[in-house]
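K.L.:
Show me how the following folds:
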Amino acid sequence: MKIFNSGAVRGRHGEMRNGGFTLIEIMISITVLLLVFAMTLPLFRTQVQAMGSTAGRSDAQQNVRFAAATLDRQIRVAGAGVADAQPLLVQADPFAVTFNADYASRDTAAEGGAFGAVYYDPDLPVGSTMSMTPSQQVTLPLSSVVWPTTSYYRTGGPPSAAETISFWVAPDNSPGSNGRYALYRRVNAMPIDTLARGIILDPNTPPFTYQYIDASGAVQTVPASSLPAFHVAVHGAPNDTAGSALTDQIRFVNVHLIGTFIERDGTKTQRTADTSIRLLNAGLLNLSTCGDPPVFGQTVTATASTGQVVLSWSPATDEYSGEKDVEKYVIYRRLPADAFADPLASIPAGLTSYSFTDTQVSSGNVWVYGVAAEDCGGQFSPLSVSSQVTVP
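P.N.:
Residues are numbered from 1 along each chain as shown. Reported below is the predicted structural model:
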């Protein structure tokens, strides 16, 4: 039997005949092809599985390394820019750590320029770059303790810019977690971020351990029986004892994370990341570098008109006399019943008179404004507060 094609060819003696393959030839070709596939597919499947396992193990390692690096970068600057009464370490728990730091700002003029945050990110959401007030109170992770219990202000001046940052390890309830854990982060009362998944717990060592330096200068581990410790009292207050005093003594936060990858047969591959983070600002005093806090001593006048409020004031006493170290003026705005929070703007010093026009107002708004002078050391004068003003 012949399998013919549609074309015709001329034979040796000139006769016309159709060319093609016999059925046996086609069957042999198919058989050879199937044999090649039969030998190749298992090898290909093995290679794919090997690549998947290698990628999974790499992901497990990169996952915990990223988590440990993030913890190291942020916890290391705990205490940067805190007010005198504001604690550095708020929560020391085997599975959670919470601290205060002026870590980031959204605006170099109004926030970063005024307070000197560690990082600047214009895309950060409002409410994530200033210290919280009791009206924004949150419950600290894995506890029933609420924070903060008071508003923190710089000595005689504006609110602290040190936000509250929490990290904690807790069960991961997302699909496919298979009973594993995740590392979470929250800044102030903002939504919770998930930094790493696929974490398992070490039965002998929790994710966070803490160390302090004793009187002889030796590094000692905080006993597990002393944890968790919370610093919810105002720093330096009479009740700043017990757990609060313990958190003030902590100098190192040790991180121990284990990432996993689950193979197709159910076996687990583990990758560990360990780091010891020194609290660089622990035990340091907020010493000024430009003498005493600046003296403002001027009246702030607020005048409202359609669609705007104009503020005016005279130079601070310490700008052209006294210590002559005033570098800028920071402007705040609040509702009559509220406390001052995020700064509205700042303007540089060096003028003979000052004014600022607030156009972010609407008819019927009632506002109170405050202005503080800032010196070259980041110190602030007491706020000069305007009278209440109503926008027509």
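
K.L.:
Okay, and the beta partners of residue 276?
P.N.:
residue 254 (DSSP bridges).

K.L.:
which residues does it contact?
P.N.:
Counting by CB atoms under 8 Å, 6 or more residues apart in numbering, residue 276 touches 252, 253, 254, 255. Glycine gets a C-beta too; all of them are placed from N, C-alpha and C.

K.L.:
Select only the buried ones of those in PyMOL?
P.N.:
Applying 16 or more other CB atoms under 10 Å to those, the buried members can be selected in PyMOL as follows:
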select buried, resi 252+253+254+255
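
K.L.:
Could you export the contacts of residue 276 as a markdown table, including distance to residue 213 and pLDDT?
P.N.:
Output for the contacts of residue 276, formatted as a markdown table (distance: CB to CB, whole Å; pLDDT from 0 to 100):
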| residue | distance to residue 213 | pLDDT |
| --- | --- | --- |
| 252 | 9 | 95 |
| 253 | 14 | 96 |
| 254 | 14 | 95 |
| 255 | 19 | 96 |
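
K.L.:
of the contacts of residue 276, closest to residue 99?
P.N.:
residue 253 (8.8 Å; CB to CB).

K.L.:
thinking that closest one is in contact with residue 74, fair?
P.N.:
No: using CB atoms under 8 Å, residue 253 makes no contact with residue 74, being 10.7 Å away.

K.L.:
returning to that earlier point: mind putting the contacts of residue 276 in a markdown table, distance to residue 35 included?
P.N.:
Shown next, in a markdown table, are the contacts of residue 276 (distance: CB to CB, whole Å):
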| residue | distance to residue 35 |
| --- | --- |
| 252 | 64 |
| 253 | 62 |
| 254 | 59 |
| 255 | 55 |
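
K.L.:
now, among the contacts of residue 276, which is nearest to residue 317?
P.N.:
The closest of the contacts of residue 276, once distances to residue 317 are taken by CB to CB, is residue 253, at 43.3 Å.

K.L.:
distance of the nearest residue to the closest one once chain neighbours are set aside from residue 254?
P.N.:
Distance criterion CB to CB, 6 or more residues apart in numbering; nearest residue to residue 253, sequence neighbours excluded, is residue 277 at 4.7 Å. Distance of residue 277 to residue 254, given as CB to CB, to the nearest Å: 7 Å.

K.L.:
What segments of the chain are helices?
P.N.:
23-75, 113-115, 243-249, 317-320 (DSSP state H).

K.L.:
hmm, back to that, can you tell me which of the contacts of residue 276 is nearest residue 38?
P.N.:
residue 255 (50.7 Å).

K.L.:
mind giving me the domain ranges of this protein?
P.N.:
Per automatic domain parsing, the structural domains of the chain span 56-278, 301-390.

K.L.:
for those domains, which one sits closest to residue 42?
P.N.:
Of the domains of the chain, nearest to residue 42 by CB to CB is domain 56-278, at 15.1 Å.

K.L.:
Off-centre distance for the closest one?
P.N.:
Between the centre of domain 56-278 and the centre of its chain there are 9 Å (CA atoms, centre = their mean, to the nearest Å).

K.L.:
I'd like the average pLDDT over stretch 73-89.
P.N.:
Summarised as a single mean, pLDDT over stretch 73-89 is 91.

K.L.:
quick one: buried residues of that stretch?
P.N.:
So for stretch 73-89, counting by 16+ other CB under 10 Å, buried means 74-83, 85-89.

K.L.:
Out of these, which is nearest to residue 350?
P.N.:
residue 81 (24.7 Å).

K.L.:
how close does that closest one get to residue 257?
P.N.:
In terms of CB to CB, residue 81 sits 28 Å off from residue 257.

K.L.:
contacting residues around the residue lying closest to residue 305 once chain neighbours are set aside?
P.N.:
Leaving out its chain neighbours, the residue that sits closest to residue 305 by CB to CB, 6+ apart is residue 392, at 6.8 Å. Contacts for residue 392 (CB under 8 Å, 6+ apart) come out as 304, 305, 306, 363.
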